[in-house]
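Undergrad: starting from these lines, generate the structure:
(one chain, ligands or ions: 1)
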Amino acid sequence: MTSVSLTFPIRPDQLTALRRAVEQADRQARAHGLNGCQLTRGQAEFMEWPDINGVPIGTVPCEDATVTLPLLHFQGWTVIAELEHEPEAGTTVTVLPPYVDEPVDVSPRCDACGESEGTLTSYLLRHDDGQTMQLGRTCTEPYAGFPAAVLAALWRLVRWCLAVEPYEAGTVPPGMRVDLGLVLEYAAALTTAAGYAKRGGDSPLTTADQVRALLLGSTDRDVVRQLHRHLRAAGDVSALAESVREWCRESTNDPSDYRRKLARVAQEDTADPKELGLLVSAVPIYMREAQRELRAGDRTSITATITEVSPLSSEWGQRRLIRFVDGAGCLYAWESMTKPFPKAGDQLRLTGRVVRTGARDGKVETYLSRCRVMPAAAS
Ligand SMILES: [Zn+2]
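TA: Predicted coordinates for the structure are as follows:
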C-alpha cells in the first residue's frame, strides 16, 4: 500500500479550506520526493439540515470529498499515527484510518534519542512484523528520512479531514435552503396565535423575523421560548398552511409581480432564507382574501380575539353582539345568546355559519351564527 484515501461529506463552503490544506501537504510531499496529495470531489447532493433541537428545517448542498495522501515507508516501517503529548492536557493521537485498530502506546517518548519529557510531538511507526516504535519530531529526518515539515503538513491535513463536520449546530451555512412547508406552518401559527406583525408595526420583531428565529435560531432564548408558546397556542395549522401554499402556487400568470414571485418561490419544496419575508407575508394576505370570498351559508373556523361585547335588545333573553379580530386583521361578528358570554380580550376558536357580510372601518366584517366556541389552546 503506497497511499491512503479518506472519504467524508463536506459542504461547498468548506472546500476552499480543504483545498488549501491539500495543496500545502502536496507541496511538502513532492518537494521531498514523495507521492503527492489529491483531492477528488464526488457528486453534489442535498443533505437534511436540522435546527439546534434536531428538527429538520431545510437542506444544505453537500458532497463526498476524497483525499488521497502518500503512506510513509522506511525499511519495513510505516508511519501510522501522530501523537501530541502535552504534560497538562495529555496525549492526542491521530491515527490514519486504515490503522485505527492498532494498539497505540501513548506514553511520550522517542525511541531514537530517548527523549520522553515535556511537550513532544512524536510519530508512531509500525513494522511489517508487528513491532511499533515512536520517533520524536526532530528525529524523524535523521533516523528515517522523513522531514518534520512533511509529517506536520500531512497530519494537519489528516486531522482536518477527520475533524470536519458538514453540520455545525446553530449555524446557517451558505447555500442552505429552508423547508417551505415549515416556513408556512410557522408563519400560519404565529399569525393565528399572536397576530401578523409587519415592518414598522408595534412589535419589535416582524412575523418574518420570528419565523427566522424559529428556523435559524436566535441569541435571545426568551424570544424563542415565547415563539414556541405561540406555536403551541395556535394548535394544528397544517390545513391553513397548505391552503396558503396552494394559493401561492396557483398564481403563475397573475398580473401582480408579487403574486408571480410568490408562485415561483412556492413551487419548490425549499426556499432561500432571503425569501422568508415574502413567504410569510402570504399568510395574512391569503387569510384576508379567503374571508372576502366567504358567502352566506359557508361554514368557517377562525381563531380570533374578542374586541367588543355589547348588549343587544332582545325579546327572548340576553343577547350580545360579539366582535372579533383574527391574526390577519379580519373582522368577524356574532350575535350570540350562548352563555356565558365571553369577554373582550379572550382568544377563542370559533366555528360558525356565515349569515352576511358587512363593512366596518373600511374593512370586510363577516357575521357568523350558531358558533361553536372553544378556548384557543392555552398559551
Ligand atoms: Zn528523538
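Undergrad: and residue 322, backbone torsions?
TA: phi -110, psi 120 (degrees, to the nearest 10).
Undergrad: got the residues of the stretch 1-150 of the chain near the ion?
TA: Proximity of the stretch 1-150 of the chain to the ion, by Cβ under 5 Å from the ion, involves residues 110, 112, 113, 115, 136, 139. Just so you know, the C-beta spots here come from the backbone N, C-alpha and C atoms, and that holds for glycine as well.
Undergrad: quick check, nearest of these to residue 315?
TA: residue 136 (103.2 Å; Cβ to Cβ).
Undergrad: quick check: that closest one touching residue 122?
TA: Yes: in this structure, residue 136 is within contact of residue 122 by Cβ atoms under 8 Å, at 5.0 Å.
Undergrad: between those two, who's got more neighbours?
TA: residue 122 (27 against 23; other Cβ atoms under 10 Å).
Undergrad: with pLDDT added, can I get the residues of the stretch 1-150 of the chain next to the ion in JSON lines?
TA: Output for those, formatted as JSON lines (pLDDT from 0 to 100):
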{"residue": "110", "pLDDT": "93"}
{"residue": "112", "pLDDT": "91"}
{"residue": "113", "pLDDT": "92"}
{"residue": "115", "pLDDT": "86"}
{"residue": "136", "pLDDT": "94"}
{"residue": "139", "pLDDT": "94"}
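Undergrad: report how many residues lie close to the closest residue in space to residue 162 that isn't next to it in sequence.
TA: Once flanking residues are discounted, residue 162 sits nearest to residue 94: 6.9 Å by Cβ to Cβ, 6 or more residues apart in numbering. Neighbour count for residue 94, taken as other Cβ under 10 Å: 15.
Undergrad: what helix or strand is the residue in the stretch 151-300 of the chain that the ion sits nearest to on?
TA: Proximity of the stretch 151-300 of the chain to the ion (Cβ to the ion) peaks at residue 151, 13.2 Å away. Using DSSP states H and E, residue 151 maps to helix 148-163.
Undergrad: can you tell me the strand partners of whichever helix or strand comes after that helix and which way each runs?
TA: Following helix 148-163 in sequence order, the next helix or strand is strand 177-179 (DSSP H and E). According to DSSP bridges, strand 177-179 forms sheet pairs with strand 56-70 (antiparallel), strand 270-271 (antiparallel).
Undergrad: list of residues touching strand 177-179?
TA: 46, 56-60, 215-216, 268-273, 276 (Cβ atoms under 8 Å, 6 or more residues apart in numbering).
Undergrad: let's go with 6 Å and repeat that
TA: Residues from elsewhere that reach strand 177-179 (Cβ atoms under 6 Å, 6 or more residues apart in numbering): 57, 58, 59, 215, 270, 271, 273.
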